[in-house]
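Engineer: just a sequence and a predicted model for now, questions to come.
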Amino acid sequence: MKQKTYITSDHVVSALANLPQLVFEVTDACNLHCKYCAYGELYDDYDCRENQIFPIAKAIRLIDYLAGYWNSKINTASKRNMIISFYGGEPLLNFSFIKKIVHYVEDEINCPHFHFSYSMTTNAILLDKYMDFLQQHKFHILVSLDGNEANTSYRVDKGGNNAFSKVVANVDKLRAMYPDYFSQYVNFNAVLHNRNSVESIYCFFKDKYDKIPQIGELNDVGIRQNKKDEFKRTYKNTQESLQQAEHYEEIERDMFLNTPGYKSLTLFLHRYSGFVYQDYTDLLFDKQSLKYIPTGTCLPFTKKMYVTVNGKILPCERIGHQFALGRITDTGIDLDPESIASRYNDYYAKMESQCVHCKNRQACIQCIFNLEGIDDKPVCHGYMNESDFKHYVNQQMRFLEQHPEAYQEIMEKVLTL
């Protein structure tokens, strides 16, 4: 049977030419041993951690390869901001890689249509050693910390000691040395679990740093069979935790898109209001006539490219390494837009019989790579029938009634979702 075409290799090529973010897994080594780490004992959908570092030659080979697309006529922007991001493990354990990549991007490649900026997710254990360089190059830094000392007790070093005091000391030093930089470029990422709460996390960062943290739940995909009970004991739901807060409404308003309620309403308004346009060309098309693609999966490389320390190329760091779309080899880049499009089309075809009947397909956020059985007979647990969809719409209307200021704030301030 002929494969149905949802996307073509041209979509993949266009995404590569207009890539907004390139993320390197700088190393798979880490100086902490966090209990819930996505590369730790609870999960099994990642490559074996072997304390490797990313070879600089391979990274440069990939940048040169992508620069060919960035400088092509397929690039549609007169000036595009490209974010080069550094991830781990703990990326500062391979600082020489970071330094060399920044030097290469700024001094060696010629991409006149791109402006490059940098970001990094770090546990801040080595932040004091490298903060001068990070400040000089205006890195956007996301520091991983789960709140106060008790909240952070899952974030431990190899000896089992709480990392809180070391992290806070380094963050405080950065703030004292570069207060303006800290205010503009440093933010925090907290993991919600059974030793903290949305309220305790929010209050710690608001009181100490006057910052609104990003709060994420534990990833519920790729859990080892023998760790599922432990995962359930550790997991905590964001909305339930928020509703238990003493100052629930105040916290929710202040955190805005970092809360499930506002995030859900924003998605609903962007997809169903009919008054949201991503760019001027959106005004020229009838949205009802645009081709529908099953699930809410991002088209490959439209948001980012993630490269593991082993050279595997993926569309995101949040999916299992078994879904690599290509790799950096010793001699070149193995990335075939035609086979990538074919693979996505195969996945989409498996989901269409469910998606076509789902009443909320217009606002679907289900990533196809996070469905169990994607290579066999996947089932989407976010499927909505007529009754489910009415309940969903009623939830958004109730939230709007309780937060009448939300509509104007979302429509004026939120540019993309």
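Structural biologist: Looks like it came in fine. Note that the structure is a prediction, hence the values are computed from the model and not measured.
Engineer: all contacts plus neighbour counts: C-alpha atoms, from now on.
Structural biologist: OK.
Engineer: quick check: pLDDT value at the closest residue to Cys358 other than its chain neighbours.
Structural biologist: Spatially, and ignoring its direct neighbours in sequence, Cys358 is nearest to Met384 (5.2 Å; C-alpha to C-alpha, 6 or more residues apart in numbering). On pLDDT, Met384 comes in at 97.
Engineer: distance check, Met384 against His391.
Structural biologist: Per C-alpha to C-alpha, to the nearest Å, Met384 is found 10 Å from His391.
Engineer: which of the two has more neighbours?
Structural biologist: Higher neighbour count among Met384 and His391: Met384, with 20 against 13, using other C-alpha atoms under 10 Å.
Engineer: low-confidence ranges, this protein, go.
Structural biologist: Counting by pLDDT under 70, the chain shows low-confidence ranges at 1, 76-78, 276-290, 415-417.
Engineer: which stretches in it count as strands?
Structural biologist: In the chain, strands defined by DSSP state E lie at 21-25, 80-87, 114-122, 140-144, 186-191, 214-216, 305-307, 312-314, 326-328, 333-334, listed in chain order.
Engineer: most packed of these?
Structural biologist: Ranked by mean neighbour count under mean count of other C-alpha atoms under 10 Å, those are led by strand 305-307, which reaches a mean of 24.
Engineer: sheet partners, orientation included, of that strand?
Structural biologist: Here strand 305-307 is paired, per DSSP bridges, with strand 21-25 (parallel), strand 312-314 (antiparallel).
Engineer: give me the contact list for the longest one.
Structural biologist: Taking C-alpha atoms under 8 Å, 6 or more residues apart in numbering as the criterion, the residues outside strand 21-25 that touch it are 54, 82-89, 91, 303-309.
Engineer: ok, stretch 238-246 next?
Structural biologist: Here stretch 238-246 makes contact (C-alpha under 8 Å, 6+ apart) with 192, 197-199, 216-217, 248, 252, 259-261.
Engineer: of these, buried ones?
Structural biologist: The neighbour-count test (16 or more other C-alpha atoms under 10 Å) marks 192, 197-199, 216, 252, 259-261 as buried among those.
Engineer: mind putting the residues you listed into JSON lines with distance to Asn75?
Structural biologist: Formatted as JSON lines, those follow (distance: C-alpha to C-alpha, whole Å):
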{"residue": "Leu192", "distance to Asn75": "39"}
{"residue": "Ser197", "distance to Asn75": "44"}
{"residue": "Val198", "distance to Asn75": "42"}
{"residue": "Glu199", "distance to Asn75": "44"}
{"residue": "Gly216", "distance to Asn75": "34"}
{"residue": "Glu252", "distance to Asn75": "39"}
{"residue": "Thr259", "distance to Asn75": "35"}
{"residue": "Pro260", "distance to Asn75": "35"}
{"residue": "Gly261", "distance to Asn75": "36"}
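Engineer: quick check: of these, which lies closest to Lys206?
Structural biologist: Using C-alpha to C-alpha, Glu199 is the member of the buried ones among the contacts of stretch 238-246 that sits closest to Lys206, with 10.3 Å.
Engineer: I figured that closest one was touching Glu250, is that so?
Structural biologist: No. Counting by C-alpha atoms under 8 Å, Glu199 stays clear of Glu250, with 10.5 Å between them.
Engineer: give me every residue that touches Val12.
Structural biologist: By C-alpha under 8 Å, 6+ apart, the contact list for Val12 reads 299-301, 337, 340-341.
Engineer: restricted to buried residues, select the residues you listed in PyMOL.
Structural biologist: Selection of buried members from the contacts of Val12 for PyMOL, criterion 16+ other C-alpha under 10 Å:
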select buried, resi 300+301+337+340+341
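Engineer: now, among the contacts of Val12, which is nearest to Arg398?
Structural biologist: The shortest approach to Arg398 among the contacts of Val12 belongs to Leu299, at 32.4 Å (C-alpha to C-alpha).
Engineer: re earlier: go through the contacts of stretch 238-246 and flag which are in helices.
Structural biologist: Secondary structure from DSSP state H places 198-199, 248, 252, 260-261 of these in helices.
Engineer: can I get those residues in a markdown table including distance to Leu126?
Structural biologist: Putting those into a markdown table (distance: C-alpha to C-alpha, whole Å) gives the following:
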| residue | distance to Leu126 |
| --- | --- |
| Val198 | 27 |
| Glu199 | 28 |
| Tyr248 | 35 |
| Glu252 | 33 |
| Pro260 | 33 |
| Gly261 | 36 |
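Engineer: just the closest of those to Tyr347, please.
Structural biologist: Nearest to Tyr347 out of these is Pro260 (C-alpha to C-alpha; 28.0 Å).
Engineer: so who does that closest one touch?
Structural biologist: By C-alpha under 8 Å, 6+ apart, the contact set of Pro260 is 238-239.
Engineer: cool, Leu16 as well?
Structural biologist: 66, 69-70, 301-302.
Engineer: Ile410 now?
Structural biologist: Residues near Ile410 by C-alpha under 8 Å, 6+ apart: Thr266.
Engineer: tell me how far it lies from Asn187.
Structural biologist: From Ile410 over to Asn187 the distance is 22 Å, taken as C-alpha to C-alpha.
Engineer: neighbours of the closest residue to Arg49 other than its chain neighbours, how many?
Structural biologist: Among residues not flanking Arg49 along the chain, Asp28 sits closest, at 5.8 Å (C-alpha to C-alpha, 6+ apart). Neighbourhood size, Asp28 [other C-alpha under 10 Å]: 24.
Engineer: Asp28 contacts Gly89, correct?
Structural biologist: Yes. Contact status for Asp28 versus Gly89: in contact at 4.4 Å, counting by C-alpha under 8 Å.
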